[in-house]
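Q: here is a sequence with its predicted model. Questions after.
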Amino acid sequence: MPSGSDRIREQARKRSRNSSGEATRIKLITVAETMFADRGIAAVSLNEIRLAAGQSNAAVVNYHFGSKEDLIKAILEDRLERIDEDRGRILDEALSGNQPVELRSLLEALILPQVSSIERGERHVELVAQLLFHGYGGPGGHGWILADPSLTKHGQRLNLMIWEQLSHLPEAIATARLRFVYISCLNAVADHQRQRATAAGAPPTAMFVADLIDSLIAIIRAPASAETLEALLP
């Protein structure tokens, strides 16, 4: 029968293995995110990710994730948790006063968590922008989960409040307009990240964010034209 000291040593070994396994998992996520963003998902193999992460075990990626699609999902979920927490904090601050929440504050809650992600050096936004155009972009798909905040806990609140700002439009137009806002926001932030990495003339991030919010406010508040309304008719 193992002694108390034997059990303590075994528990310590298990904790060490668990800690090492989690560190490996995070390393694989970080390396894969960068490689997918740089080269495209189809161009990167799981074996290349393993080698770039410095792992000698040929089955390590399959062990932690199972497949490339599951690895992509793990990357998105890992980053999205922090983004949604930031979004909830910004929303709570915006709702803390007695005045109605301004549309600008709602769009800050949409954009700033994504910008914070790129400020941390994550490639998540670029990766998701890529996913939206490579078979993962349908509502509910992996790529759509960052583009559409309604798929996250705090984002559901934000989605409802932005939807209320579109009440001047027929439902079909409002639905299309909201999707356009989300995709435009995501692509703009991804493009800004690429500019920051490759172009000397990239605009200051504060100016980029302010101008993006100005543009999205105009999109949300714009009335439907006579031509658009006519196109709704059967």
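A: It's in.

Q: show me where this protein has its helices.
A: Remark: helices assigned in the chain by DSSP state H are 4-39, 46-52, 60-64, 68-94, 103-119, 124-131, 144-147, 153-164, 171-198, 205-221, 226-232.

Q: by mean pLDDT, show me the worst of those.
A: Among the helices of the chain, helix 144-147 carries the lowest mean pLDDT, a mean of 51.

Q: hmm, back to that, need the helices of the chain in TSV (columns: mean neighbour count).
A: Using the backbone N, CA and C atoms, a C-beta is placed for each residue, glycine as well. TSV is the format used below for the helices of the chain (neighbours: other C-beta atoms under 10 Å):
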stretch	mean neighbour count
helix 4-39	14
helix 46-52	16
helix 60-64	19
helix 68-94	18
helix 103-119	21
helix 124-131	24
helix 144-147	24
helix 153-164	17
helix 171-198	17
helix 205-221	15
helix 226-232	11
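
Q: what's near enough to touch the closest residue to Leu107 other than its chain neighbours?
A: Spatial nearest neighbour of Leu107, excluding adjacent residues (C-beta to C-beta, 6 or more residues apart in numbering): Ile213 at 4.7 Å. With contacts defined as C-beta atoms under 8 Å, 6 or more residues apart in numbering, Ile213 is in contact with 104, 107-108, 111.

Q: looking at those residues, which is nearest Glu48?
A: Nearest to Glu48 among the contacts of Ile213: Ile111, at 32.8 Å, using C-beta to C-beta.

Q: contacts only, for the closest one.
A: 185, 189, 209, 212-213.

Q: what's near enough to touch Ala32?
A: 44, 49, 53, 71-72, 75.

Q: and the two most separated of these?
A: Spanning the widest gap among the contacts of Ala32 are Ala53 and Ile72, at 15.6 Å by C-beta to C-beta.

Q: count the neighbours of the residue lying closest to Leu71 once chain neighbours are set aside for me.
A: Sequence neighbours aside, Phe65 is the residue nearest to Leu71 in space, at 4.1 Å (criterion: C-beta to C-beta, 6+ apart). Counted by other C-beta atoms under 10 Å, the residues lying close to Phe65 total 21.

Q: wait, what's in contact with Phe65?
A: 28, 71, 74.

Q: may I see those residues organised as a markdown table, with distance to Thr152 added?
A: Output for the contacts of Phe65, formatted as a markdown table (distance: C-beta to C-beta, whole Å):
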| residue | distance to Thr152 |
| --- | --- |
| Leu28 | 23 |
| Leu71 | 20 |
| Ala74 | 16 |
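
Q: so Thr205 makes contact with His192?
A: Yes - using C-beta atoms under 8 Å, Thr205 makes contact with His192 at a distance of 7.1 Å.

Q: which residues do these two both contact?
A: When contacts are counted by C-beta under 8 Å, 6+ apart, Thr205 and His192 are jointly contacted by Val115.

Q: picking that back up, what is the nearest of the contacts of Ile111 to Leu80?
A: Nearest to Leu80 among the contacts of Ile111, counting by C-beta to C-beta, is Val189 at 14.3 Å.

Q: residues contacting Ala172?
A: Contact analysis of Ala172 by C-beta under 8 Å, 6+ apart lists Leu232.
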